[in-house]
Structure formats: structure tokens, C-alpha cells
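**Q** Any chance you can model this:
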Amino acid sequence: MIIEIYAIILLTAIFSTAITVFAGLSGGVGGVDVTSRTGMIISAACFGLWALLAINAFEITVHSGGEEFVRSYPQLAWIAVAGAMVALYSLFQAAITEFEQTGGL
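**A** Numbers count the residues shown, from 1 in each chain. Alright, predicted model coming up:
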């Protein structure tokens, strides 16, 4: 994955995780209520972004001086794993809330 695309996905994952946590704590964003089903969908999308980042952290392509280098950043993979765990925790919380409110999906 090209470093610029990786950086855009990383920023998107950080922003979406922050919005997910904020929406989960406050129950909504911008006056719009977030239900537990919506929370599960958003959390699953965040988890997918973090998983994509963790997998691609080991083959990041950097273009410099007309040459192409492939680098590995295991530190970014650990950050992505931490972000995925936050998204997974949010997903489980939303699922438990859904089960309590409706008795199932």
C-alpha cells in the first residue's frame, strides 16, 4: 500500500473511532440519536478499517527520489490492533444493548 493512502486510511480510522466512541457515550451526534443497530454497523466498519491498516502495515511503499522502497512498520500494526480492540469492544457493547432491548437481532 502506498504511504499516502495508508495515511488517509489511518486518519479516517482515528476519526471514525473517535466519533463512534463519542456517539456511544452521548447516545447521538449532532442531535441525531444513534441506536444500538447503527452502533454495531459503525463499529464493524471501524473494525474493518483498523484490520486493513494492521494487515498492510508490513508492506508500505514509499516513493523517494524516483525510487520505490517497501518498508515495514510493525509499530503501526500494534496501533492498528489497539484501535481494532476499541472498535471490537464498542461492537460488543452495542450488540449486548441490542440483545437487552429486543431480546435478539
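**Q** Any regions of the chain where pLDDT drops low?
**A** In the predicted model, the chain carries pLDDT under 70 at residues 104-105.
**Q** Can you name every helix or strand that the helix or strand containing Gly39 contacts?
**A** Secondary structure from DSSP states H and E places Gly39 in helix 36-56. Contact analysis of helix 36-56 by 3 or more Cβ pairs under 8 Å, 6 or more residues apart in numbering; DSSP states H and E lists helix 3-26, helix 74-102 as its packing neighbours. In this view, the C-beta of every residue, glycine as well, is placed from N, C-alpha and C.
**Q** After that helix, which helix or strand is next? Please name it.
**A** On the C-terminal side of helix 36-56, the closest following helix or strand by DSSP H and E is strand 60-64.
**Q** ok, Trp50 touching Ala84?
**A** Yes - in this structure, Trp50 is within contact of Ala84 by Cβ atoms under 8 Å, at 3.7 Å.
**Q** circling back to that earlier point, how about the helix holding Gly39: buried residues?
**A** For helix 36-56, burial by neighbour count (16 or more other Cβ atoms under 10 Å) applies to 36, 39-40, 42-44, 46-47, 49-54, 56.
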